[in-house]
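[1] Can you look at this prediction? I've put the sequence above it.
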Amino acid sequence: MDALSALSIAGTVTQFVSFTGDLISKASELHGSTSDATAEVQNIDSVYTTLLEFSYGLKNATRDLSELESNLEAARLLGLVAECQRDCDKLLDITRTLKTEGEHKTWYQCLRKAIESKWKLPEIRLLDERLQRTQITLVLLICSISSEFQRLQQQRIARLQKDGGLHRLNQDRQFAELRHILQSIQSQVSKLQTVGSGHGISRIQYPSHVTELEKQIQKLSVNANDIQKQQAILDTLSFDSRAVRHQAIPDAHPGTFQWAFDADDLEEEKEDKIKFTHWLRHGEGIFWVTGRPGSGKSTFMKHIADNPHTRTALRQWASPSEPVISSHYFWIFGTSMQKSKEGLLQTLLFEIFRQYPVLLKDVCPDRWESDFSSSSAAKPWSAVELRHVLDLVTSLDIDIKICFFIDGLDEYSGDHLEVSEELLRLSKLKNMKCCVSSRPWNVFHDAFGYDRSQHLCLHNLTKRDIRHYVHDRLTPHPRWQRLVDQTVYDSQLIEYITEKSSGVFLWVALVTDRLRSGLTNDDDLSDLSSRLAGFPSDLESFFDHILQTVEPFYYEKMAGTLRLARAAEKPLSILFYEFHDKEYRDNEYFLNIKRSEPDKERESMRGRVERRLNAYCKGLLEVHGDRVEFLHRTVADYLNLPDVAERLSIQSPEWFHPELSLAKVHLTCIKILPFGIPNRSHPGRYDESPLDEHLRGVLTLASLHDKDKGTVGDRFRRLLYDMELSLNAEPFETPASCISPDVSASLYFRERLLQSRLPNYLNKMLLANAKYLNSLDWPPLAIVLEEGCPSQHIETIKLLLEHGQRPNEQIEILVFGKTKRIRTPWTILLSLLIRQTMDGLASRLLPDFGPCLRAGIFDLFLKYGADTNASVYRREGQSHTTAWIDVLFACFDIRAQDEELYLDVLRRLLQNASVNGVTPMGYESATSASETILTRFFQLARVLEFSPDFEFSSDFVIRVSEYLVRKACWARWSFDSIWPKVEKAFGDAKTTHLKSIYQAEYFCLDT
């Protein structure tokens, strides 16, 4: 039983005890008295009404207690409520009788008569003693409940503080407020504990203390819930790989990049000096950092974003508030979140809300109002929602200034012009500016290179830094001093390296590593100079030079290993290289591999992999923890060069295929590692887990070759078949938190197969076994729709429909554990593509609507009988609309390129559209559902034309109206009261045009 519910019920009891006690006190004074002076004059009707309210309140309290979790306190409170209910009913009975006699107008007169005719003094005393016992028992119970509440809340606050500390969340003031409320609760409890003592509170004071206690407990619960909601929403903005790239970027060498904060530290000419510090202190807009590949842009961005001098300078710009500093590092070899717009926006918002969590309630109202423990609160963020929230943050009337540091725009996976325009837009928002870095590509130069005072070219500014770095790398070597003693040309060698580097730090790092090796071999200055002269000055030629030093014996493994690394979407674990090495001895090693425990030999495995990679790749691949990464992004660029790719392909074994080799390792990991089936939070939805990562890795790679009828395609199909057999053969455990604890390995595999764009393989399995999908507990079509944009699965959806799956197959869903809702694959599709506006007055299209329309998803569903009049329930709650109405009202959000396709879909929907039992948009009543729908449509046509949130052609809406007018005529919907609204929306001429269509259709029907 929670404290707030208990105190709410206890409050009703205390009010009754106090009120009744006061009446009994007056009754005792009246007994035997001939004077009315001691009696408070009350109207009998007022007393009766109050007692009646108490009776209802106590009955409700009994009902509420019966629904709460049963424990000792609940049982005791239920007993007190029942006793008070009996006393209240008795008093009501007496008052009701006296009230009907109508002789007396005041309570004390009625009570005197009741005492004389019905009550005796002992009965009054017994009732008074019973009320006193109830009061004392209730106080003890309230104190016990409150003390337990305080104990639990102290534990909860400690957990919340720990959870907030993980993200360094700025909630100190909120936690201080919670502690203050806890002290206030303790004070109220102490006051209540004085009941019964000589100096205790009176019955009149007693209810007010209980009420105040209830208020404080409610306030604490609300405030603690607010903190928990802030943390829950912040968790949805974070992602596992958010800080990975930042950690992977090397720290700046000590003493380098000082010129960023002191331009006098530069050797370059005065005109090349930058105004970075001035921009931090006073500037606006975008500051662009560019430079050659390998010049150290990421290290520089990390250095300035983390440097305390940056915050100090920004304080002058942000004064009087503290600046918000947020940084994001794009990574072309990272996860999708590390190279996407969503990842960028989530990182930026995460940092804003980490420092100002109180903003979340105002700028994320939908997520705030969601149950933060539900999947709706944790749903993925879309780019549209993220952008909208960021705009809201900057539009609030609060003094917050935000500076973003964004590295590696050239590593963004989307349209570079689009992301440049987005950043320009952001930098023009109130109190926001951005420092960005990229390679010097034309698209970025056109966007950011217009202001030389807010632009620096890194490789032109690092001569002193490189000289300093070379000195610090070479001079500590124990043999350097001997070299210096023999010659006076040591400084010339350092200067020669500095000049030849052309500002490329990566080249310098590679050269100094090899010169240090020469020093170890006792090279003299002449030898070192010869080495240096033999090193190409450009990175691509240097990488060629490095690979030429690999022993020919390792050429096959060199080529295969580098191609494997390049084919992977992100850095692979050392396990991949350990198992891939087995492939050169047996390219079907994965078929008969046995379960093992590689974690026990992780260290020795890391050592083996590191030594092999050094032999095969000579440092172009490096081991970092459990991952293997390219030395630098320029290595991957080099491997993508056509002549390099061709050379590596020739050097590889004939059987080698990089994607197939990756899939083999994924399957090997599934077979040997002790995985469990991931938690299934919803049919078709699984939590992230190692098993899911490997299984989806195989499926994704196989999908690239699903149409391949050659050897590689056959190998992938054999691999998929073997994977399903392996999963079914292993004794996987199901997590205790899984909502479907009976989920099997077979069900898990087949759900993931449906979502992986493998229609040809799926067709093969269905032809071999028509019941292949019968074990699923949800319609296969619905499972497909749980993953990504439905348009990506058009071939799978088409296949399922051809194999007899039904778009109207019903699924019963419980809302809040009790209310049944019926959904179908068709209505799930609509809920994914169309949403209602907050006021429920219009439809807004979600990002996937256009791709689905163009892919023909609507055509497919309608071809196979999708129900035009189905009720569409949204995931966020219980509100619902009707399929054809959703699509109709979406016309105000249709892009010009989609107009014809939309009209064709609308025409087919309207053919069978009905208003019987539909839920029109909006809440006004009307003489008929059709009138409500038509009224709302033409009102929106008039209003939304001037809304900045909607962009549509009035001519297009007229064409939609033509379809609607024809439908109204065929369905005999009354239009008489609608024409004035049409005229307001479109004017006389267009209304006349629509009327002529209506009349022509009506004439055809009559004839």
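    Now that the structure is in, tell me what you want to look at.
[2] Would you mind writing the CA trace of the one helix or strand residue 247 maps to as PDB?
    Under the criterion of DSSP states H and E, residue 247 resides in helix 244-248. The C-alpha trace of helix 244-248 is given here as PDB (Å, rounded to 0.1, in the frame of the first residue of the first chain):
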ATOM      1  CA  VAL A 244      33.300   6.000 -27.800                       C
ATOM      2  CA  ARG A 245      34.700   8.200 -30.500                       C
ATOM      3  CA  HIS A 246      35.700  10.900 -28.100                       C
ATOM      4  CA  GLN A 247      37.600   8.300 -26.100                       C
ATOM      5  CA  ALA A 248      39.300   6.900 -29.200                       C
END
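[3] what phi and what psi does the backbone show at residue 396?
    The phi and psi values for residue 396, taken as degrees, to the nearest 10, are phi -70, psi 150.
[4] you'd agree it is up against residue 360?
    No: if you go by CB atoms under 8 Å, residue 396 and residue 360 don't touch, sitting 11.7 Å apart. Glycine gets a C-beta too; all of them are placed from N, C-alpha and C.
[5] would you list every one of the strands in the stretch 451-600 of the chain?
    455-457, 572-573 (DSSP state E, counting those that start in this stretch).
[6] mind putting these in TSV, mean pLDDT and distance to residue 913 included?
    Shown next, in TSV, are those (pLDDT from 0 to 100; distance: least, CB to CB, whole Å):
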stretch	mean pLDDT	distance to residue 913
strand 455-457	93	58
strand 572-573	94	54
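[7] so which of those is the most packed in?
    strand 455-457 (a mean of 19; mean count of other CB atoms under 10 Å).
[8] and that one, what does it pack onto?
    strand 285-290 (3 or more CB pairs under 8 Å, 6 or more residues apart in numbering; DSSP states H and E).
[9] What residues sit buried inside the strand it packs on?
    Within strand 285-290, the residues that count as buried by 16 or more other CB atoms under 10 Å are 285, 286, 287, 288, 289, 290.
[10] For the stretch 201-350 of the chain, give me the ranges with low pLDDT.
    For the stretch 201-350 of the chain, applying pLDDT under 70 flags the ranges 201-209, 263-274.
[11] cutoff 90 now
    201-226, 228-232, 235-236, 238-248, 261-275, 319-322, 332-337 (pLDDT under 90).
[12] what's the answer for the stretch 501-650 of the chain, then?
    502, 519, 521-539, 569-570, 587-588, 590-606, 624-626.
[13] in it, which spans are helices?
    Assigned by DSSP state H, counting those that start in this stretch, the stretch 501-650 of the chain shows helices spanning 505-520, 525-534, 539-547, 555-567, 574-583, 602-617, 633-639, 642-651.
[14] Reformat these as JSON lines; add mean neighbour count and distance to residue 669.
    JSON lines is the format used below for those (neighbours: other CB atoms under 10 Å; distance: least, CB to CB, whole Å):
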{"stretch": "helix 505-520", "mean neighbour count": "19", "distance to residue 669": "33"}
{"stretch": "helix 525-534", "mean neighbour count": "14", "distance to residue 669": "42"}
{"stretch": "helix 539-547", "mean neighbour count": "18", "distance to residue 669": "29"}
{"stretch": "helix 555-567", "mean neighbour count": "21", "distance to residue 669": "15"}
{"stretch": "helix 574-583", "mean neighbour count": "21", "distance to residue 669": "6"}
{"stretch": "helix 602-617", "mean neighbour count": "16", "distance to residue 669": "13"}
{"stretch": "helix 633-639", "mean neighbour count": "20", "distance to residue 669": "24"}
{"stretch": "helix 642-651", "mean neighbour count": "13", "distance to residue 669": "25"}
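[15] Include distance to residue 999 when you put the ones you listed into CSV, please.
    Shown next, in CSV, are the helices of the stretch 501-650 of the chain (distance: least, CB to CB, whole Å):
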stretch, distance to residue 999
helix 505-520, 77
helix 525-534, 91
helix 539-547, 75
helix 555-567, 66
helix 574-583, 73
helix 602-617, 80
helix 633-639, 68
helix 642-651, 68
